[in-house]
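Here is the input, now give the coordinates:
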Amino acid sequence: MSHSVDIFIAVQRMLPKHGLSRLIGQVAESKRPWLKNLLINRAIAAFGINMQEAASDNLDDYENFNAFFTRALKEDARVIANNHNSVCCPADGVVSQAGTIDKNRILQAKGSDYSVSRLLGESSSAQKYQDGTFATIYLSPKDYHRVHMPVSGTLRATRYIPGELFSVNDKTAQGLDGLFARNERLVCEFESDLVGNFVVVFVGAMLVAGIETVWGGFEKPGPGAVRESDFSDQQLIYAKGEEIGQFKFGSTAIILFEKDKVEGLEDLIPQAPVMMGQEIASLTE
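This next block holds a predicted model:
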């Protein structure tokens, strides 16, 4: 690990990450036209955000910065892989890591891995994914910030796990052990006729004002107890490519599949750009 990475992580350790994120969140919710338009214009310029694909490029249509950051796209901006056997990317971003889950461990970065049990917050859930496959997608501030279904499935349960709010960029992933299992996260457990059980994990990060789902709305962040919700009696069925939630700043989405259900994730190249809806793997025959 380089000296610059050491310093970057040390600074993050000292920062009041939850307080800073809440403060930024309050500013991002401001409806004052001059402030929210200033923030939006600065973000477009700083991150190179492509407004041509946004459902609206009129800043007056966004009531605050968060509404802009979680903007919808034009209907034809993304194509959902329509092959019956395809697994589609859940979000825009870059591949952080992907491949096989080995002895209940997920690769975080070269030479660094972490526990599936710790990520999911429960060892019995983690057992389902022994020798399974995973993909970790990092969403940068310039990316489309909504998360979609990789395959069709029925929501069974969610688990909100309080934690840290370290940055989830590549530099931190390389230098901070267990990053994704340390940060605040929402574990969403699904069941599918196609692949059995699978999981989509929303991982919070520094300056993320919150995680939001289509079934439960805003997940109130902050320290406290693990919050578990059972949806098994509600028949919440989502199609492949359907939106299930969003982040209010750059963050990470992780998908997990059971053993021998999905193939091709191991061929994804770290740091390769991906787009929501593109085929990143296929169901095993």
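
only C-alpha atoms for contact and neighbour calcs from this point on.
OK.

beta partners for the closest residue to residue 193 other than its chain neighbours?
Closest residue to residue 193 apart from its sequence neighbours, by CA to CA, 6 or more residues apart in numbering: residue 153 at 7.5 Å. Here residue 153 sits in beta bridges with residue 238, going by DSSP bridges.

Residue 235 is in contact with residue 153, correct?
No: using CA atoms under 8 Å, residue 153 is not in contact with residue 235; the gap is 9.9 Å.

Look at the two and report which has more neighbours.
The neighbour count for residue 153 versus residue 235, taken as other CA atoms under 10 Å, is higher for residue 153 (23 against 11).

For the spatially closest residue to residue 92 that is not a sequence neighbour, which residues are in contact?
Ranked by CA to CA, 6+ apart and with sequence neighbours excluded, the top spatial neighbour of residue 92 is residue 275, at 4.2 Å. For residue 275, the contact set (CA atoms under 8 Å, 6 or more residues apart in numbering) comprises 78, 89, 91-93.

Pull out the buried residues from those residues.
Buried subset of the contacts of residue 275 (neighbour count, 16 or more other CA atoms under 10 Å): 89, 91-93.

Tell me if I'm right that residue 139 and residue 96 touch.
No: applying CA under 8 Å, one finds residue 139 not in contact with residue 96, separated by 9.6 Å.

Just the ones of the buried ones among the contacts of residue 275 in helices?
When the buried ones among the contacts of residue 275 are checked against helices (DSSP state H), there are no matches.

Neighbours of residue 252, how many?
For residue 252, the neighbour count with other CA under 10 Å is 28.

Which members of the buried ones among the contacts of residue 275 occur in strands, if any?
Among those, the members falling in strands are residue 93 (criterion: DSSP state E).

measure residue 92 to residue 138 for me?
Relative to residue 138, residue 92 is positioned 8 Å away (CA to CA, to the nearest Å).

got any ranges where this structure has weak pLDDT?
Of all residues in the chain, those with pLDDT under 70 make up the ranges 1-26, 109-111, 163-182, 205-209, 221-223, 249-250.

helix or strand for the most far-flung residue of it relative to its centre, which one?
Taking CA atoms, centre = their mean as the measure, the residue most remote from the mean C-alpha position of the chain is residue 34, 30.3 Å away. Counting by DSSP states H and E, the secondary-structure element that holds residue 34 is helix 33-47.

Moving C-terminal from that helix, which element do we reach first?
Trace forward from helix 33-47 with DSSP H and E and the next one is helix 65-69.

For that next one, buried residues please.
Buried, per 16+ other CA under 10 Å, within helix 65-69: 65-66, 68-69.

just checking, what packs against it?
Using 3 or more CA pairs under 8 Å, 6 or more residues apart in numbering; DSSP states H and E as the contact criterion, the neighbours of helix 65-69 among helices and strands are helix 33-47.

how close does the residue lying closest to residue 86 once chain neighbours are set aside get to residue 130?
With sequence-adjacent residues excluded and distances taken as CA to CA, 6+ apart, residue 86 is closest to residue 282, at 4.4 Å. For residue 282, the distance to residue 130 equals 19 Å [CA to CA].

again, but for residue 49
In this structure, residue 49 and residue 130 are separated by 38 Å, where distance is defined by CA to CA.

just residue 196 next, same as before
Noted for residue 196: a distance of 14 Å to residue 130, by CA to CA.

Tell me which of these two has more neighbours.
When residue 196 is set against residue 130 and neighbours are counted by other CA under 10 Å, the residue ahead is residue 130, at 18 against 14.

That one contacts residue 106, doesn't it?
No: no contact is recorded between residue 130 and residue 106 when judged using CA under 8 Å, the distance being 10.3 Å.

Quick one: list the elements packing against the helix or strand hosting residue 106.
Residue 106 is part of strand 105-109 when elements are defined by DSSP H and E. With contacts defined as 3+ CA pairs under 8 Å, 6+ apart, the packing partners of strand 105-109 are strand 93-100, strand 112-115, helix 170-175.

same thing but at 10 Å, please
Packing partners of strand 105-109 (3 or more CA pairs under 10 Å, 6 or more residues apart in numbering; DSSP states H and E): strand 93-100, strand 112-115, helix 116-120, strand 133-139, helix 170-175, helix 179-182.

May I see the ones you listed organised as TSV, with distance to residue 255 added?
Shown next, in TSV, are the helices and strands packed on strand 105-109 (distance: least, CA to CA, whole Å):
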stretch	distance to residue 255
strand 93-100	9
strand 112-115	14
helix 116-120	11
strand 133-139	5
helix 170-175	17
helix 179-182	12
